[in-house]
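J.: Return a 3D structure for these sequence lines:
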Amino acid sequence: SWAVTGSGGNQAIAADFAGSVLPSDSVSFAAGEATKTITVSVSADSTVEADESFTITLSAPNGATLGTPAFALGTIRNDDLPVLSIGDARITETDSGTVNAVLVVTLSGPAFVPVTVSYATFDRTATTAGFDYVNTTGTITFAPGETSKTITVSVKGDTSFELDETFGVRLSAPNGATIAKSEGLVAILNDDVRSQIAIAATDARKSEGNTGRTAFTFTVTRTGSLVGDVMLPWKVSGSGARPADRFDFIGGVLPTGTVWFAPGRQTATVTVNVLADSVAEFDEQFTVTLQDPKNGLDFLAVGGGSATGTILNDDGGVPRTFAPATIQAQAFAGSAVATTPSSKTITPQAFAAVGFSTVPAAGVSAKKAQFPAMPRF
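T.: Reported below is the predicted structural model:
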């Protein structure tokens with residue numbers, strides 16, 4: 001008879017054999033036979049485990065006596081390997097020095113023998129020649145029971161704007177494991193300003209003119225990297241001791257707009273159209289203000305977010321000072337009451353009603369005199 005039992009430091013158990021029982025049986029020799037074979041069926045699996053041992057022992061001979069040895073050892077060698085994988089990493093570069101990018105390498109389960117694997121960095125959009133990171137190679141070892149290790153790569157800081165870049169770390173030559181994911185990617189996130197933007201008055205101090213409109217121009221300049229496009233809203237507001245108001249501009253509204261830089265474009269123009277008139281008034285000022293981009297890449301230069309234009313009076317006579325908007329509204333109402341359809345002119349009573357001491361110039365029609373951009377109080 002023969003029977004299997006577990007033995008050694010890591011004993012096989014019933015589940016390791018076919019039918020989940022420890023095998024046993026008998027062997028018979030016919031007359032004239034000198035050898036026989038005992039076959040033990042081991043149950044296959046995909047579990048990572050240590051080698052296991054068992055013993056086959058002979059007993060109860062019939063027609064013979066037991067010789068030496070009366071037992072033999074068997075070993076079930078593990079043929080399943082843990083699986084290696086490498087993770088990815090994201091890191092923001094600094095302006096100088098280096099910062100460490102850390103990638104985690106994991107083992108699918110604890111090994112019973114040491115596991116080793118080699119690694120090396122490789123270029124993608126980030127390169128070692130471009131001084132983006134330090135080329136790194138080496139070998140990591142998992143001791144029995146360990147399932148996690150790290151790889152550290154130094155990323156170099158700079159103050160130059162770049163798009164986010166990547167490089168990789170590749171695993172190779174595993175021993176005691178297989179590789180499921182061999183490449184980890186490191187994203188270097190840019191933290192530098194792409195460009196700075198400023199506005200300046202280039203042709204924005206001039207006479208308003210007597211008819212139509214007069215263009216006041218401002219130049220917006222983008223310095224630094226011109227990669228990508230940028231859009232910046234702008235708006236006009238009155239400024240200075242004698243601020244311009246909405247009635248000084250076409251349409252009776254304070255102008256607004258958007259300046260756009262296509263990729264590679266360095267300058268753009270903002271044009272503000274001032275409404276011409278023939279009314280004596282003081283010089284007036286207005287400011288064009290840019291809105292700071294919210295993309296985190298482009299910024300307004302310090303002190304460069306606004307520029308001022310000056311509307312120079314070119315009409316003769318004594319300038320009238322402004323009154324509050326309510327007085328101005330009363331002026332329009334008073335002039336309308338005092339104007340007769342037949343004459344088409346404003347009467348002295350209309351001007352007297354709002355504090356004027358003189359009538360408008362001869363030939364000025366009631367419609368023109370009442371137009372919001374014309375009266376100045």
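J.: model confidence over stretch 44-54, on average?
T.: When pLDDT is averaged along stretch 44-54, the result is 89.
J.: ditto for stretch 90-103
T.: Confidence for stretch 90-103, expressed as mean pLDDT, is 91.
J.: roughly how far out does it sit from the chain middle?
T.: Here stretch 90-103 shows a centroid-to-chain-centroid distance of 16 Å under the convention C-alpha atoms, centre = their mean, to the nearest Å.
J.: Same check on stretch 113-129?
T.: With C-alpha atoms, centre = their mean as the basis, stretch 113-129 stands 25 Å off its chain's centre.
J.: same deal with stretch 161-179?
T.: Per C-alpha atoms, centre = their mean, the displacement of stretch 161-179 from the mean C-alpha position of its chain is 22 Å.
J.: Stretch 285-304 now?
T.: For stretch 285-304, the distance between its averaged C-alpha position and the chain's averaged C-alpha position is 21 Å (C-alpha atoms, centre = their mean).
J.: Quick check: buried residues in that stretch?
T.: Applying a neighbour-count criterion of 16 or more other C-beta atoms under 10 Å, one finds 285-290, 293, 297-301, 304 buried in stretch 285-304. Heads up, the C-betas are built off the backbone N, CA and C, glycines and all.
J.: Would you map the helices across the stretch 251-377 of the chain?
T.: Chain-ordered helices for the stretch 251-377 of the chain, with DSSP state H, counting those that start in this stretch as the definition, fall at 325-338, 348-353, 366-370.
J.: Beta-bridge partners for the nearest residue to G305 once chain neighbours are set aside, please?
T.: The shortest distance from G305 to any residue that is not its chain neighbour, by C-beta to C-beta, 6 or more residues apart in numbering, is 5.1 Å, and that residue is L290. L290 has these beta-bridge partners by DSSP bridges: W234.
J.: quick one, what contacts L290?
T.: By C-beta atoms under 8 Å, 6 or more residues apart in numbering, L290 lies in contact with 197, 199, 220, 232-234, 259, 300, 305-306.
J.: Likewise for D45?
T.: If a contact means C-beta under 8 Å, 6+ apart, then D45 has D80 as its contacts.
J.: rerun that using 10 Å as the cut-off
T.: If you count contacts by C-beta atoms under 10 Å, 6 or more residues apart in numbering, D45 has them with 15-16, 78-80.
J.: Which secondary structure element is home to it?
T.: For D45, there is no helix or strand it lies in under DSSP states H and E.
J.: measure it to G238 for me?
T.: 84 Å (C-beta to C-beta, to the nearest Å).
J.: Quick check: of the buried residues of stretch 285-304, which lies closest to L254?
T.: F286 (8.1 Å; C-beta to C-beta).
J.: Which of the three states applies to A15?
T.: With DSSP: H, G, I helix; E, B strand; the rest coil as the basis, the three-state label of A15 is helix.
J.: Distance check, it against S53.
T.: Distance, A15 to S53, by C-beta to C-beta: 15 Å.
J.: Could you list the low-confidence segments of the stretch 51-200 of the chain?
T.: Applying pLDDT under 70 to the stretch 51-200 of the chain flags no residue at all.
J.: all strands of it, in order?
T.: Taking DSSP state E, counting those that start in this stretch as the criterion, the stretch 51-200 of the chain carries its strands at 52-58, 71-76, 83-86, 89-92, 98-107, 115-123, 137-142, 148-156, 165-175, 178-181, 183-189, 195-203.
J.: could you redo those as JSON lines and give each row mean neighbour count and distance to A129?
T.: Below are the strands of the stretch 51-200 of the chain laid out as JSON lines (neighbours: other C-beta atoms under 10 Å; distance: least, C-beta to C-beta, whole Å):
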{"stretch": "strand 52-58", "mean neighbour count": "18", "distance to A129": "53"}
{"stretch": "strand 71-76", "mean neighbour count": "14", "distance to A129": "52"}
{"stretch": "strand 83-86", "mean neighbour count": "20", "distance to A129": "24"}
{"stretch": "strand 89-92", "mean neighbour count": "16", "distance to A129": "20"}
{"stretch": "strand 98-107", "mean neighbour count": "17", "distance to A129": "17"}
{"stretch": "strand 115-123", "mean neighbour count": "18", "distance to A129": "8"}
{"stretch": "strand 137-142", "mean neighbour count": "14", "distance to A129": "17"}
{"stretch": "strand 148-156", "mean neighbour count": "17", "distance to A129": "12"}
{"stretch": "strand 165-175", "mean neighbour count": "17", "distance to A129": "12"}
{"stretch": "strand 178-181", "mean neighbour count": "14", "distance to A129": "27"}
{"stretch": "strand 183-189", "mean neighbour count": "18", "distance to A129": "15"}
{"stretch": "strand 195-203", "mean neighbour count": "18", "distance to A129": "25"}
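J.: residues near L81, how many?
T.: L81 is flanked by 19 other residues according to other C-beta atoms under 10 Å.
J.: Quick check: V193 vs M231, distance?
T.: V193 sits at a distance of 17 Å from M231 (criterion: C-beta to C-beta).
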